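Q: With the sequence up front, the predicted model follows.
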Amino acid sequence: MKHISIVVPVYNEQENVRFFYQKIRKYTEPTGYPFELIFVDDGSTDATAQLLEQLTHQDGRVRAVLLARNFGHQVALTCGMDYAQGDAVITMDGDMQHPPEMLPVLLRKWEEGFDVVQTIRLDTEGVSWFKQSTSRTFYRLINALANTNTHIVEGGSDFRLMDKKVVATFQCFKERARFIRGIISDLGYRQTYVEFVAAPRHAGKSKFSLKKMIMFALDGITSFSKIPLRFAFYLGILLSLMSFLLTLDVVYTKLFTTEAVPGWATITASILLLGGLQLAGIGIIGEYIGRIFEEVKQRPLYWVRADLRNYMEVPASWPDKHENQVKLKQV
Ligand code: UDP
Ligand code: MG
């Protein structure tokens, strides 16, 4: 019998976890697959961790991995994938924006033989025009710049099913700044897409501020493209060419005409332009060097405060049922 793991990063989702758990049961139990539900608490400061602990006492299929602090959505997802033991791993948000009704659809595609079932968000009810249009611009930009093997589909989300071999491959990717949907689409295997209409959040507010969105977009572009680094090089060539032509013109004017050459405005303007462009070039290089710095430090991606699971209640068919019979294992 194949098992499935559902991985859900949660950050201050106290109004959502119970409701979400019930919906997962409602749509997963009829599929007949034994499942585990792994919540990764990303350093919540509300009652999320306590609620998750209660759930683990109630239901052995629920596991709560509590991170020591907030590490961000992408890292929390990675942590959940590290803990998952199922033959298929499904990652989704805990705020009901990724509809649990879709779970049977994803599983059907997996049964058909696909290794990655990626969902595509058609439109999100109740999401601002601003968020939708910035998201669209971002996908155009990253696809124009990125040197990935495959196209990163617009509206791609972190709601997807992966076969365990895909998860194992993903775990070989050790970079700190991670843009998971780019990595997964780059992995290959047999991938397919299903579309869904994202629902509004069940409760609470989005945890993604504009600043977090910009950082996420920068992570995506800088980890998949070296083209911005070449910007200064191409611009340098272009400007050198222009200044060569200008020199020819100056020499010609000097030798063959009697025109006076005032031109201080031209000089000031070109100094400003060049200064600005050089700073922009240095800024781009800095952005990459900063990332190299983060990577070479080789710090752990995340660390865990507690791994809560009621092993007494774990269904007998689970792979690790007999490995660890302690009631609640503390890390
Ligand atoms: N999340 C997280 N860590 C964070 C921010 C968000 O684990 O630092 C979780 C959050 O609880 C939710 C999911 O990631 O389950 C998606 O976040 P959110 O709904 O805030 O993002 P949006 O849907 O607005 O893009
Ligand atoms: Mg959301």
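A: Arrived safely, thanks for sending. Ligands and ions are numbered 1, 2, ... in the order given.
Q: that's a strand at R176, yeah?
A: No - checked against DSSP: H, G, I helix; E, B strand; the rest coil, R176 lies outside a strand; its state is coil.
Q: pLDDT score for it?
A: Model confidence at R176, expressed as pLDDT, equals 82.
Q: My read is that it contacts R299, right?
A: Yes - judged on CB atoms under 8 Å, R176 makes contact with R299 at a distance of 7.4 Å. (Glycine included, C-beta is placed from N, CA and C.)
Q: The two: which has the busier surroundings?
A: R176 (17 against 10; other CB atoms under 10 Å).
Q: Leaving out chain neighbours, which residue sits closest to the more buried one?
A: E294 (5.3 Å; CB to CB, 6 or more residues apart in numbering).
Q: Phi and psi next, for the one you found.
A: Backbone torsions of E294, given as degrees, to the nearest 10, read phi -60, psi -40.
Q: Just give me the neighbour total for it.
A: The number of residues packed near E294 is 13, by other CB under 10 Å.
Q: Same check on G290?
A: 12.
Q: separation between it and A49?
A: G290 is 32 Å from A49, where distance means CB to CB, to the nearest Å.
Q: So what's the model's average confidence on stretch 58-65?
A: Averaging pLDDT along stretch 58-65 gives 91.
Q: Would you mind pulling the contact partners of that stretch?
A: Contacts of stretch 58-65 with the rest of the structure, by CB atoms under 8 Å, 6 or more residues apart in numbering, involve 21, 34-41, 49, 52-53, 55-56, 79-80, 83, 304, 306-315.
Q: 6 Å - rerun?
A: Identification of contacts with stretch 58-65 by CB atoms under 6 Å, 6 or more residues apart in numbering yields 36-40, 52, 55-56, 83, 304, 307-310, 313-314.
Q: Briefly note if that stretch comes near ligand 1.
A: No - using CB under 6 Å from any ligand atom, stretch 58-65 stays clear of ligand 1, with a minimum separation of 11.5 Å.
Q: start to end distance for that stretch?
A: 16 Å (CA to CA, to the nearest Å).
Q: now swap in stretch 169-185 and tell me
A: 12 Å.
Q: Can it be said to contact ligand 1?
A: No - applying CB under 6 Å from any ligand atom, one finds stretch 169-185 out of contact with ligand 1, separated by at least 11.9 Å.
Q: what does that stretch rub up against?
A: 74, 150, 152, 156, 158, 187, 219-220, 223-224, 291, 294-295.
Q: what do you get for stretch 280-299?
A: Outside stretch 280-299, the residues within contact range by CB under 6 Å, 6+ apart are R176, A177, T222, P228, A232.
Q: please redo it, this time with the cut-off set to 10 Å
A: With contacts defined as CB atoms under 10 Å, 6 or more residues apart in numbering, stretch 280-299 is touched by 174-177, 218-219, 221-223, 226, 228-233, 235-236, 279.
Q: Many thanks, we can stop here.
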